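Peer 1: Build me a model:
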Amino acid sequence: MAAGAAVPGLFFTFAAMVLLIFASVSSPTWERISFLDVPNGAATTHFGVFGYTGVKVHVGWFFPSTLGDSRLDGHLFHNLTFVLVLIPISAGLAGLSVLFGICGAAYHRAGTVFMTLLSALAFLTTLVAWVIEMVLFGVARTHMRDRGIDATWGNANWIVLGALVALFLGFFASLCGSFGRYGRRRAAY
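Peer 2: Here you go, the predicted model:
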């Protein structure tokens, strides 16, 4: 292996990529992963990146009329649901960071440098996405609880937070790995 110093950063960025992919395929695609869970009669409505339980997958959505109020159904919250697409974008950036990390671990320092830059960019987009989704679903949860609906946080909030921490660690590990040993040791004469 040409660069053992790049491997820790590669591990953390790969873990972040997997976590962001899981969060990206949240409800309505995969009902077990959601950002907000709301009991709705006998069923539970799960909210995700591309919609909620019972709707087709699409970018940007309105809260259901039975759960949302006039404020949640406004254009501000509708526009914030468009911003959730940053989570799959962050997954793609983390994936590119992994590819460059493989190049850095197998061949050349430039791969590790590009892994550092892309993991920093993925960290920033994940940070923005996490803050926005926590505000969006936090306000929605509060509005629903004020009306007597027992809305609870879903697991995707914490999955994205785990990816954020992994990207943070991956950035610093790949930054340190950029300065690692890449050449072969010369034999003592």
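Peer 1: Can you get me a residue count around the residue nearest to Arg32 when sequence neighbours are not counted?
Peer 2: Excluding the flanking residues, the one nearest Arg32 by C-beta to C-beta, 6 or more residues apart in numbering is Asn155, at 7.9 Å. Backbone N, C-alpha and C define where each C-beta goes, glycine included. Using other C-beta atoms under 10 Å, Asn155 has 15 neighbouring residues.
Peer 1: likewise Gly41?
Peer 2: By other C-beta under 10 Å, 7 other residues sit near Gly41.
Peer 1: Kindly report the same for the one 5 residues further on.
Peer 2: Residues lying near His46 (other C-beta under 10 Å) number 23.
Peer 1: Report all helices and strands that the host helix or strand of it contacts.
Peer 2: Assignment of secondary structure by DSSP states H and E places His46 within strand 43-48. Contact analysis of strand 43-48 by 3 or more C-beta pairs under 8 Å, 6 or more residues apart in numbering; DSSP states H and E lists strand 36-40 as its packing neighbours.
Peer 1: how about the strands of this structure, start to end?
Peer 2: For the chain, the strands defined by DSSP state E occupy 36-40, 43-48, 51-52, 152-153.
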